[in-house]
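Chemist: Sequence first, predicted model second:
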4 protein chains.
Amino acid sequence: MSSSFGTLFRVSTFGESHGVGVGVVVDGCPPRLALDLDEIQADLDRRRPGQSRLVTQRAEGDEVEVLSGVYDGRTTGTPIALVVRNKDQNSGAYDHLKDVYRPSHADFTYDAKYGFRDHRGGGRASARETIGRVAAAAIARQLLRAATGTEVLAWVSSVHTIEAEVDLDTVTLDQVEADPTRCPDPAAAAEMTTAIEQARRDGDSLGGVVTLVARGVPAGLGEPVFDKLDADLAKGMLSLPAAKGFEIGSGFAGTRMTGLAHNDPFVPGPDGPTTATNRSGGVQGGISNGADIVCRVAFKPTGTIASEQTTVTTDGEATTLAAKGRHDPCVLPRAVPMVEAMALLTLADHLLRQHTTSLLP
Amino acid sequence: MSSSFGTLFRVSTFGESHGVGVGVVVDGCPPRLALDLDEIQADLDRRRPGQSRLVTQRAEGDEVEVLSGVYDGRTTGTPIALVVRNKDQNSGAYDHLKDVYRPSHADFTYDAKYGFRDHRGGGRASARETIGRVAAAAIARQLLRAATGTEVLAWVSSVHTIEAEVDLDTVTLDQVEADPTRCPDPAAAAEMTTAIEQARRDGDSLGGVVTLVARGVPAGLGEPVFDKLDADLAKGMLSLPAAKGFEIGSGFAGTRMTGLAHNDPFVPGPDGPTTATNRSGGVQGGISNGADIVCRVAFKPTGTIASEQTTVTTDGEATTLAAKGRHDPCVLPRAVPMVEAMALLTLADHLLRQHTTSLLP
Amino acid sequence: MSSSFGTLFRVSTFGESHGVGVGVVVDGCPPRLALDLDEIQADLDRRRPGQSRLVTQRAEGDEVEVLSGVYDGRTTGTPIALVVRNKDQNSGAYDHLKDVYRPSHADFTYDAKYGFRDHRGGGRASARETIGRVAAAAIARQLLRAATGTEVLAWVSSVHTIEAEVDLDTVTLDQVEADPTRCPDPAAAAEMTTAIEQARRDGDSLGGVVTLVARGVPAGLGEPVFDKLDADLAKGMLSLPAAKGFEIGSGFAGTRMTGLAHNDPFVPGPDGPTTATNRSGGVQGGISNGADIVCRVAFKPTGTIASEQTTVTTDGEATTLAAKGRHDPCVLPRAVPMVEAMALLTLADHLLRQHTTSLLP
Amino acid sequence: MSSSFGTLFRVSTFGESHGVGVGVVVDGCPPRLALDLDEIQADLDRRRPGQSRLVTQRAEGDEVEVLSGVYDGRTTGTPIALVVRNKDQNSGAYDHLKDVYRPSHADFTYDAKYGFRDHRGGGRASARETIGRVAAAAIARQLLRAATGTEVLAWVSSVHTIEAEVDLDTVTLDQVEADPTRCPDPAAAAEMTTAIEQARRDGDSLGGVVTLVARGVPAGLGEPVFDKLDADLAKGMLSLPAAKGFEIGSGFAGTRMTGLAHNDPFVPGPDGPTTATNRSGGVQGGISNGADIVCRVAFKPTGTIASEQTTVTTDGEATTLAAKGRHDPCVLPRAVPMVEAMALLTLADHLLRQHTTSLLP
């Protein structure tokens, strides 16, 4: 059951890089939601490799097929199964990895855990698994929009040492999508492009940070004490490939402030109290307070690099390895829809959970 | 079900600051574990307020009572219920908070969520809820020690801008407990003490970072793709009061490295491959690799401060508030056993989950 | 996690016969429910032994204490912990059972499962464990009444070969409680009393059937395909000590009818379609249809009898055993509140689950 | 999450009668299981309609495709997704049912629950949904065989008033499959055939009982107090379409015995205690005792009949309805593999759960 996420809006992904296909089952989507299938495909296309010269060139169609749960354009309340078939399955390209553990990859740990491993293209540990997440999240996006007008947007806020300047309150999807880096600060985007291309030439790779904002989140989402909204967001984000850190609101920087400077003063608003500042990042005591939710996710530099590295064989002998073929020198642009996906899935689940508290007047 | 954590080693906490008591039910602890009840009490004592002049002076005995699940000194495999009665229940001290929302606290969001709130001492949002976590984790600690020799240790690595220098490989519990700050770097500890006392005098508060290391974790723990070990650690840590960030291994700093510098080379070892460095923080692909697990948790400066702040009443009117009574100017020292608790609970759960993969030869 | 029941109205019981106490945590009860604690105690009193000469004479006060989750007479939405302390703990009375397996009890299987057993009074397998269920169900009863006017009533419909005649549509709680047998047919109740007393004199025991009706259940409860309302009722009932069978509506007898005779014709009603007959027992396709839910639960004759029986020791040697002390010669009267409890818990959980489908218009 | 079953061996089905396809995801199957895909197909073929003149003639290929989780003939420990495409999708045949509620079907209740319904062929309430269960159970069957040698076998023990005589200890799969009725008593099978054909001619339908035996179940499976083995079996069975009752061991008949006659005496055996009789049905205190597990499931006569019946339209007006097309006059033969499926899934899950208790010596 480790491939399921969420309690009431529950998604279960399946599939590995070089099996027959990947997909997801969404169990718990409310009935009667008018579902735009083209929008699901559009969200998947944002995740797909081969969108620009910055990311891996593997050609994948990633066309989604809806197997169940939708009738006459609306959800029926029964499980929605979505499948994307794998097409570019050149398994032979991975033969040189069968007997060797790639450094900082999941090769060794999968063997340690399962005693058996599908070495082709990372198997289940491949980023291709996130297709199911993004497809399910596209449904969550439509549910959140219909129910509460909530919108989720993420972007690349840093690559290596290059940091973007972005106005959290005004940044738009168009600005994010305007550049292949998915960095809405054009100057930083240009620098990032140069750095990523240089890393590719060097047989090296770069990491960075994705920032996410969720607007229009109603107050009251989050289930203390363990299923706090920020706790579930943290779990979702850390479950993404290559993620190494999560912070919400002031995060690590906030530890260097004092309470007087850090606290968000409440001020009267037309629809109830709001906060004059948002160092809480939209969550207080694990529950949304109606302000924008703001969080950041750290992604390490890609493990797969063309340069030669020291490692060991599956027999435990020392060896060296240099990755063959084409690889992402920087996963950040493609991580953006994945980060959005985990926020959308978390918010949809918590919206349903919060709804149960309204049973009594 | 939001007050439960874990799948197989499942803990359910209950209780609020000024109710009759707080506690926990542990469902899923394997049978036949010899349980040292004094060690449970000792772990609880580390969490307790009033240990030094640095933390809140509320006198709580916090004596734990075992209601079930233990017979003849051993676990029976049935639910273990632990209760601590609340003693210092001066509810009247909180009357001035009944009609006002404390800034950066859970007051407003609990009202928004539940439409009803126990305002006494934070109610369920009080740090007193973590008594159940720490008590359950004391059982997890004994289970992990008996089963795999795993040991978990946390400490205060920074307060405000004061950063400690600590050797991850050699730091001991005695060093941590040697100072009330729970910072094992004596020079930094002295600075922290000064800063915390000054904050108290200023009616202000300080935040900081707790670092945790888990030693002797077997390779193979973690359940991709959603219940990855680091994802569950992140969730556990962000579920703690005042936590705003989590990172594992290189974390946010790692995003500023390149892949060549960041990757952990595998080297042959007597018991199989090990890594020459540990920027992965002991987890690769969501699964432990046998190296020490290293993570860091950010805690914001305490929301409750004696200085006057701007806020609103429950009727939405502007007002001001200055906290009365004694409060922690810095939660970091008491956060240490809480951070350990969430790591212990996560590791115990994943140890049981991993065990199921060994069913077939 | 095997001691939890329900998804959204989730109860977790703990405690064994001769430990310190037994109890339950209810996680997920909606906030703002006005809770009558006397009614919880009254439901517990119905479950208690020693109510009449028909049942075991062990004196138990079974006074319930609310540890958390209730403030100012209303639920807060946080976990409600209820505890009943064990008082009549004469453990020595069970010393003769330490090294022997009682036939048709859980002694052998607990040893087989856990490799370790608390033999005192059945330990966790004691009917005393159901105190937590009944206490939690008393909360569910109040929730169902407040939310939908649903009422649940059970009674003894047969003991051994004596069958009661009861009008499902009109039977009342007063009629059920009028006789210690909890059989609302006075003639059958008198026969049952005679039979049970004779069984006690014979050192023997009797089984029987409990029938339950739930009135005022709204249409729409139940979550196909696995968490169907009747499936969860079946699970709940079979989890009760000594239960060996469950049927809903026509049950096993319905297999001897033809479809034409068995189908329930729909007829127009003022509030929508109703059925002219109720062989479905109020559930169709796993979902309530608005008709009364009617089900029956079979309880085997009590395993513990004063007559000498053949069995084996824990060392596997043949021996004989005759139960000492006082025992229920027939559990049926006390099974009535337990059967009600499992129906109440199931219905409350499904009411909350169904509520989530109303998110969208 | 209502379409998932099991805790550790967790299956999630999807799909409806006239959507694109049906299937299942199995999450939690241990790695390294050698999987015979032909055996999965063979189990599916037993469930398929059109096997004989006794059951509905709809032609379905029901060819299963494995999308993930299997590599090189062995399970990888990651989710196994199985899909069967729907082929015989003559949706127009159901147009006459769009605006009418079939008596004793799920039509009305699905509308009551979801406010929206896929009326084609029963939608999600169709028996076609059980394809996913049977496919997943075929994996469970292979797991149980490899791990513990457990075998599960079911058969038709009664149709209407015709009861078979079957020796529980010796009946074989070949005997069950020898006749299209799946009744291993040839005389009864002949009578059943005659009765079913007569019911078809009469525009009527018949119900009956399926009996199941599980042999070679190790002692210790089952998780008190709620996830008892018999409780989970009961849930699984009642989740099957048309199931109305469940009993284990002596069941309802056992309520007419006395304790002295009913108790199963323990006797010494070469591998530990065994019982001289098996009125417990292999489960005591909710845990398997090593004896054969024996249970029975009641199936009502099929709701769909060619005879004219009274009902109402979706607008609440009185009308009449006579089913068109071909329908099963008796689901019993096809229910056999479904009953086996729910037992296999339950046992596989509990085998994994029990394995966790062996963590400590």
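Modeler: Nice, I can see it. Residues are numbered from 1 along each chain as shown, chains lettered A, B, ... in the order given.

Chemist: Can you report how many residues lie near the closest residue to chain C within the stretch 151-300 of chain A?
Modeler: Residue of the stretch 151-300 of chain A nearest chain C, by C-beta to the nearest C-beta: residue A:224 (7.6 Å). No exception for glycine: its C-beta is placed from N, CA and C like everyone else's. Taking other C-beta atoms under 10 Å in any protein chain shown as the criterion, the count of residues near residue A:224 is 25.

Chemist: just residue A:315 next, same as before
Modeler: What residue A:315 shows, counting by other C-beta under 10 Å, is a neighbour count of 10.

Chemist: ok, what's across the strand from residue A:312?
Modeler: Residue A:312 has these beta-bridge partners by DSSP bridges: residue A:318.

Chemist: OK, contacts around it?
Modeler: Residues in contact with residue A:312 (C-beta atoms under 8 Å, 6 or more residues apart in numbering or on different chains) are A:100-101, A:318-319, B:266-268, B:273.

Chemist: Ok, residue A:290 next?
Modeler: A:217-219, A:271-272, A:274, A:282, B:112.

Chemist: Now the residue of the stretch 101-250 of chain A found nearest chain B. Nearest residue, chain neighbours left out?
Modeler: Closest to chain B within the stretch 101-250 of chain A is residue A:106: 2.3 Å, counting by C-beta to the nearest C-beta. Take residue A:106 and drop its neighbours on the chain: the residue closest to it by C-beta to C-beta, 6 or more residues apart in numbering or on different chains is residue B:285, 2.3 Å away.

Chemist: Go ahead and confirm the one you found touches residue A:109.
Modeler: Yes - the pair formed by residue B:285 and residue A:109 meets the contact definition of C-beta atoms under 8 Å, at 5.1 Å.

Chemist: Spit out the residues that contact these two alike.
Modeler: Common neighbours of residue B:285 and residue A:109 (C-beta under 8 Å, 6+ apart) are residue B:222.

Chemist: any idea of the angle the lengthiest helix in chain A forms with helix C:332-355?
Modeler: For chain A, the helix that runs over the most residues, judged by DSSP state H, is helix A:332-355. Calculated by axes from the mean of the first three to the mean of the last three C-alpha atoms, to 10 degrees, helix A:332-355 forms an angle of 130 degrees with helix C:332-355.

Chemist: what pLDDT, on average, does helix A:332-355 get?
Modeler: The pLDDT scores in helix A:332-355 average 97.

Chemist: do the same with stretch A:157-167
Modeler: 98.

Chemist: other SSEs contacting whichever strand or helix holds residue A:136?
Modeler: Per DSSP states H and E: residue A:136 is located in helix A:130-148. Judged by 3 or more C-beta pairs under 8 Å, 6 or more residues apart in numbering or on different chains; DSSP states H and E, helix A:130-148 is in contact with strand A:10-14, strand A:21-27, helix A:37-47, strand A:80-85, strand A:151-159, helix A:332-355.

Chemist: Quick one: the helices in the stretch 51-200 of chain A, in order.
Modeler: Along the stretch 51-200 of chain A, counting by DSSP state H, counting those that start in this stretch, helices occupy A:107-114, A:130-148, A:173-177, A:186-201.

Chemist: Quick one, which of the ones you listed gets closest to residue D:6.
Modeler: Across the helices of the stretch 51-200 of chain A, residue D:6 has its closest neighbour in helix A:107-114 (19.5 Å, C-beta to C-beta).

Chemist: Sort out which residues of stretch A:67-76 are buried, please.
Modeler: Residues A:67-71, A:75-76 are the ones in stretch A:67-76 that count as buried (16 or more other C-beta atoms under 10 Å in any protein chain shown).

Chemist: mind checking how far that stretch is from the chain centre?
Modeler: 26 Å (C-alpha atoms, centre = their mean, to the nearest Å).

Chemist: Is any residue of it near chain D?
Modeler: Yes - using C-beta under 8 Å from any C-beta of the partner chain, stretch A:67-76 reaches chain D at A:67-71, A:74, A:76.

Chemist: still on that earlier bit, what about the buried residues of stretch A:67-76, which are in strands?
Modeler: In strands, judged by DSSP state E, the following of the buried residues of stretch A:67-76 are found: A:70-71, A:75.

Chemist: need those residues in a markdown table with pLDDT, can you?
Modeler: A markdown table is the format used below for these (pLDDT from 0 to 100):
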| residue | pLDDT |
| --- | --- |
| A:70 | 96 |
| A:71 | 95 |
| A:75 | 97 |
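
Chemist: circling back to that earlier point, so which elements touch the longest helix of chain A?
Modeler: helix A:37-47, helix A:130-148, strand A:151-159, strand A:208-215, helix A:229-238, strand A:293-299.

Chemist: For the fourth one, which strands pair with it and how are they oriented?
Modeler: This points to strand A:208-215. In the sheet, strand A:208-215 lines up with strand A:151-159 (antiparallel), strand A:293-299 (antiparallel) (DSSP bridges).

Chemist: out of the ones you listed, deepest packed?
Modeler: Of the strands paired with strand A:208-215, the one with the most neighbours on average (mean count of other C-beta atoms under 10 Å in any protein chain shown) is strand A:293-299, at a mean of 27.

Chemist: got the CA coordinates for it in PDB?
Modeler: Taking Å, rounded to 0.1, in the frame of the first residue of the first chain, the C-alpha atoms of strand A:293-299 are listed here in PDB:
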ATOM      1  CA  ILE A 293       0.100  28.700   1.000                       C
ATOM      2  CA  VAL A 294       3.800  29.100   0.200                       C
ATOM      3  CA  CYS A 295       6.400  26.400   0.300                       C
ATOM      4  CA  ARG A 296       9.800  25.500  -1.300                       C
ATOM      5  CA  VAL A 297      11.300  22.200  -2.300                       C
ATOM      6  CA  ALA A 298      15.000  21.400  -2.700                       C
ATOM      7  CA  PHE A 299      16.100  19.100  -5.500                       C
END
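
Chemist: Now flag whichever of the buried residues of stretch A:67-76 is closest to chain C.
Modeler: Using C-beta to the nearest C-beta, the buried residues of stretch A:67-76 come closest to chain C at residue A:75, 8.9 Å.

Chemist: Perfect, that will be all.
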